[in-house]
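J.: Need coordinates for the following:
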Amino acid sequence: MSQRSPAPKAANTATAAAAAAAVDPYVARVSAQVSAELARRVDALRAQGHSPDELGDPDALAARMLATVPQPSPWAELGPFYSTSGIARVLGGVSRQAVEERRRRRTILALRTADGMWVYPAFQLDERNRVVRGLAEVLDRFLPQTPDDEWMVAAFLAAPQPGLGGRTVVDHLRAGGALAPVLDLADERAARWALAS
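T.: Numbers count the residues shown, from 1 in each chain. Below you'll find the model as predicted:
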């Protein structure tokens with residue numbers, strides 16, 4: 001009796017990707033652009049006498065590429081999140097230490113999960129993958145005493161604000177809105193939370 005060998009991992013991955021692309025037009029569009037550019041770069045490497053194996057293991061390369069795509073969040077109103085390694089890549093390949101320093105200085109919003117991991121809401125980045133202008137000043141208005149406070153700050157930033165015409169703080173700042181009314185809202189919210197604690 002002959003045993004069938006399992007299908008190669010890459011073949012399974014390709015089959016899964018093809019199935020996902022057939023179902024979702026967004027996935028199909030992204031996959032097509034990534035595939036075309038990856039093929040161009042591999043051809044250029046080969047033309048220079050290099051092997052695509054120099055890029056590393058295909059699964060590891062795919063994992064590195066996917067690190068720049070935020071993960072879904074169980075909190076729909078906060079949207080997707082980046083891991084520490086993901087946000088480091090998105091911010092231009094900075095080190096994990098640089099991300100941690102930004103987290104400590106509160107120039108980027110970081111949230112600690114129940115299992116002790118740090119996650120970074122994608123909503124705080126602009127179209128050039130920079131932290132939205134003015135966000136660090138807003139974060140500076142809050143002095144969290146516990147990690148839960150950061151979740152409250154994130155909810156505040158992502159909620160529509162009547163004082164900003166129904167836009168969220170981040171959407172207001174991303175659209176070039178004035179910083180002063182946002183800081184006033186943040187000061188008022190921080191004072192209210194301080195009284196409640």
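
J.: Going by C-alpha atoms from here, please, whenever you check contacts or count neighbours.
T.: Will do.

J.: can you list the domains in this protein?
T.: By the assignment in automatic domain parsing, the chain contains the domains 1-66, 68-197.

J.: ok, longest helix in the chain?
T.: helix 25-47 (DSSP state H).

J.: Next SSE downstream of that helix?
T.: Later in the chain than helix 25-47, the nearest helix or strand by DSSP states H and E is helix 58-66.

J.: angle of that next one against helix 25-47?
T.: Going by axes from the mean of the first three to the mean of the last three CA atoms, to 10 degrees, helix 58-66 is angled at 120 degrees with respect to helix 25-47.

J.: Help me confirm that residue 167 is found in a strand?
T.: No: counting by DSSP: H, G, I helix; E, B strand; the rest coil, residue 167 is not part of a strand but coil.

J.: and it, what does it touch?
T.: 159-161 (CA atoms under 8 Å, 6 or more residues apart in numbering).

J.: Per-residue pLDDT of it, please?
T.: pLDDT for residue 167: 96.

J.: picking up where we left off before, packing partners of the longest helix of the chain?
T.: helix 9-23 (3 or more CA pairs under 8 Å, 6 or more residues apart in numbering; DSSP states H and E).

J.: what bridges to the residue most central in space within the chain?
T.: Nearest to the geometric centre of the chain sits residue 82, at 3.4 Å (CA atoms, centre = their mean). On the basis of DSSP bridges, residue 82 is bridged to residue 120.

J.: pLDDT-wise, which helix or strand of the protein ranks last?
T.: helix 9-23 (a mean of 59; mean pLDDT, DSSP states H and E).
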